[in-house]
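Predicted structure and sequence below. I'll ask about it afterward.
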Amino acid sequence: MAIIIVLVLLVLGSVVFHFISPWWFTPIASNWQSIDTTINITFWVTGFVFVAVNLFLAYAVFRYRFNTNRKADYQPENKKLESWLTVFTTVGIVAMLAPGLYVWGQFVEVPADATEVEAVGQQWHWSFRLPGEDNILGEVDPRLISDSNPFGINPADPAGQDDILVQSNELVLPLNKPVKVLLRSKDVLHNFAVPQFRVKMDLVPGMVTYLWFTPTRQGRFDIMCEELCGVAHFAMRGKVRVIAEPEYQKWLAAQPTFLQSQNRYAGDAQLGRTMYQVCAACHGAAGEGNTQLNAPALAGQSRWYLKRQLQHYQQGVRGSSEGDLYGAQMVAMANMLQDEQTQANVLSFIDSLPAPKIKRADGDLQRGRALYRNCSYCHGSRAQGMYAMNAPALTALDASYLRRQLDYFKQGVRGSHNSDFYGAQMQLMAQSLHSEQDYAAVIAYIASLSDSAGSENATLRSAP
């Protein structure tokens, strides 16, 4: 009897949990309601079989329980029973497969008016490319991928000159317009998935895969990699922001083209020297930083990173969080460099400054080398920074600043703003350092790389 009770309770509990479970579909935000329908059909078919088989098992245990006055009858074959089982099984399988095949037929047939967008995955970052005015994506070649050309666009292809490049982890799309997403991987298997859109597809190195959908609801939705792609797979996140058409066109017009990314915004270092005197009060006359004023070194840092941080301070992405006292001080200073040309001049002057000599730090270098391996995928094997990964150089930063930023990421002071995608990744990565010894070891190892990273940094600092 105990077995019978357990089987019945198992069935009842499973059915009740199915209806009251908190883990259910997210509200749909695309045209793929039919995918939900196919999943629901599968639930009903498999649920019916689960209930029927287990209740029959409970009945059989009860009906044919042991009885000394009864003898079992052995029947090796029962054609009637086998026929009925074959029919019911076939009906169940057809009921599950037919809707899926029908939906798959729609999934691979892209509407003729769909806009093509390319999503490029690499450990552990998303970037996007959209067609320009010619509505054609330019030719790409993996052999052309570099820090200044992270998409590998062929510069000799006229169709690629106006391609719009989005180096951010956020893809913006217009409402109610079909989109075909071309998927390309630079390294290993990845997977592009947006739960609210009910679409996902693998990114396979060496080939281009695709999916399509029509966004039907405005909002911000998570892009996730649902293919185990390495140690920081969990940090490979992105966003899709769906907005109305007029707002989308305004956003699109503000994005750089491939041609613009190759024609870097020139600056006058001599004019920048004068404007830099305001910065020198904290960061030092040679951009060497000042630990007493909690100001990091600027010399030796990548130009594109410094520009993004200025923009983040101006936009409130940095310096607005509770506890970021030094960031709050920088907000007012950054707002003095609103003009694009002034920014270019100051950054050109900082480019001309030699990288500072960083003091060695105490810590277990062997342990630090092992811990830094996770960091190297984004920041480079010599901590020189990587433009393609939006990761800054670390070798120009002193131990106290590195430690404070790690604490900020771990405590949520940095990386909590909705627009700080890379900060959000760093929040997750910072959790891998569990003790004071871990902090000291990885910082000491980074400091030990500063001598050998100078020449590498010089080639990267002027990237777009």
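That came through, no problem. All values reported here derive from a predicted model rather than from experimental measurement.

got any ranges where the stretch 151-300 of the chain has weak pLDDT?
Confidence mapping of the stretch 151-300 of the chain against pLDDT under 70 gives the ranges 263-266.

where do the helices sit along it?
Here the stretch 151-300 of the chain has its helices, by DSSP state H, counting those that start in this stretch, at 245-253, 258-262, 269-283.

quick one: contacts of the first one?
Read that as helix 245-253. Helix 245-253 has contacts (C-beta atoms under 8 Å, 6 or more residues apart in numbering) with Leu130, Ile164, Val172, Leu173, Pro174, Leu175, Lys177, Ile243. Just so you know, the C-beta spots here come from the backbone N, C-alpha and C atoms, and that holds for glycine as well.

out of those, which are buried?
Leu130, Ile164, Val172, Leu173, Pro174, Leu175, Ile243 (16 or more other C-beta atoms under 10 Å).

Just flag the most distant two among the residues you listed.
Between any two of the buried ones among the contacts of helix 245-253, the greatest separation by C-beta to C-beta is 18.7 Å, found for Ile164 and Leu175.

Nearest to Met333 among the contacts of helix 245-253?
Out of these, the member with the shortest distance to Met333 (by C-beta to C-beta) is Val172, at 29.8 Å.

The closest one and Ile153: what is the separation?
20 Å (C-beta to C-beta, to the nearest Å).

for Ser302, same thing?
In terms of C-beta to C-beta, Ser302 sits 21 Å off from Ile153.

just Asp113 next, same as before
For Asp113, the distance to Ile153 - C-beta to C-beta - is 25 Å.

Compare these two and say which is more crowded by neighbours.
Neighbours were counted for Asp113 and for Ile153 using other C-beta atoms under 10 Å; Ile153 has more, 25 against 7.

what sits against that one?
For Ile153, counting by C-beta under 8 Å, 6+ apart, the contacting residues are Arg129, Gly138, Glu139, Val140, Leu144, Gly160, Asp163, Phe258.

Which strands or helices does the top helix by length along the chain pack on?
Identified as the longest helix of the chain according to DSSP state H is helix 33-63. In terms of contact count using 3 or more C-beta pairs under 8 Å, 6 or more residues apart in numbering; DSSP states H and E, helix 33-63 is assigned the packing partners helix 2-20, helix 79-107.

Tell me which of these approaches Asp324 most closely.
Taking these one by one with C-beta to C-beta, helix 2-20 is closest: 42.2 Å.

ok, and what's touching that closest one?
Phe43, Gly47, Phe50, Val51, Asn54, Leu55, Leu57, Ala58, Val61, Phe62.

how about it as CSV, C-alpha atoms only?
Extracted as CSV, the C-alpha positions of helix 2-20 are listed here (Å, rounded to 0.1, in the frame of the first residue of the first chain):
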residue,chain,number,x,y,z
ALA,A,2,2.9,2.4,0.7
ILE,A,3,4.1,2.2,-2.9
ILE,A,4,0.5,2.9,-4.2
ILE,A,5,0.2,6.0,-1.9
VAL,A,6,3.6,7.3,-3.0
LEU,A,7,2.7,6.9,-6.7
VAL,A,8,-0.6,8.6,-6.4
LEU,A,9,0.9,11.5,-4.3
LEU,A,10,3.7,11.8,-6.9
VAL,A,11,1.1,12.3,-9.7
LEU,A,12,-1.0,14.7,-7.7
GLY,A,13,2.0,16.7,-6.5
SER,A,14,3.4,17.0,-10.0
VAL,A,15,0.1,18.2,-11.5
VAL,A,16,-0.4,20.8,-8.7
PHE,A,17,3.2,22.0,-9.0
HIS,A,18,2.8,22.4,-12.8
PHE,A,19,0.0,24.9,-12.2
ILE,A,20,1.4,26.8,-9.2
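
how about that helix: buried residues?
Buried, per 16+ other C-beta under 10 Å, within helix 2-20: Leu7, Val11.

Nearest to Leu298 among the helices of the stretch 151-300 of the chain would be which one?
Closest among the helices of the stretch 151-300 of the chain, using C-beta to C-beta: helix 269-283, at 5.1 Å.

Please enumerate the strands of this structure.
Counting by DSSP state E, the segments of the chain that form strands are 115-122, 125-130, 164-166, 170-174, 179-185, 190-194, 199-203, 209-213, 219-224, 237-243.

Export the ones you listed to CSV and append columns for distance to Lys357.
Below are these laid out as CSV (distance: least, C-beta to C-beta, whole Å):
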stretch, distance to Lys357
strand 115-122, 33
strand 125-130, 31
strand 164-166, 36
strand 170-174, 38
strand 179-185, 39
strand 190-194, 40
strand 199-203, 42
strand 209-213, 48
strand 219-224, 41
strand 237-243, 37
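
Which one of those lies nearest to Asp36?
strand 199-203 (12.1 Å).

Can you give me the domain assignment for the chain?
For the chain, the structural domains run 2-64+79-107, 115-262, 269-460, going by automatic domain parsing.

What are the contacting residues of stretch 349-368?
Contacts of stretch 349-368 (C-beta under 8 Å, 6+ apart): 267, 269-270, 272-273, 275-276, 286-289, 297-301, 303, 306, 395-399, 437-438, 440-448, 450, 454, 457-458, 461-462.

Now list the buried members of these.
Buried among the contacts of stretch 349-368 by 16+ other C-beta under 10 Å: 267, 269, 272-273, 275-276, 287-289, 297-301, 303, 306, 395-399, 438, 440-448, 450, 454, 457, 461.
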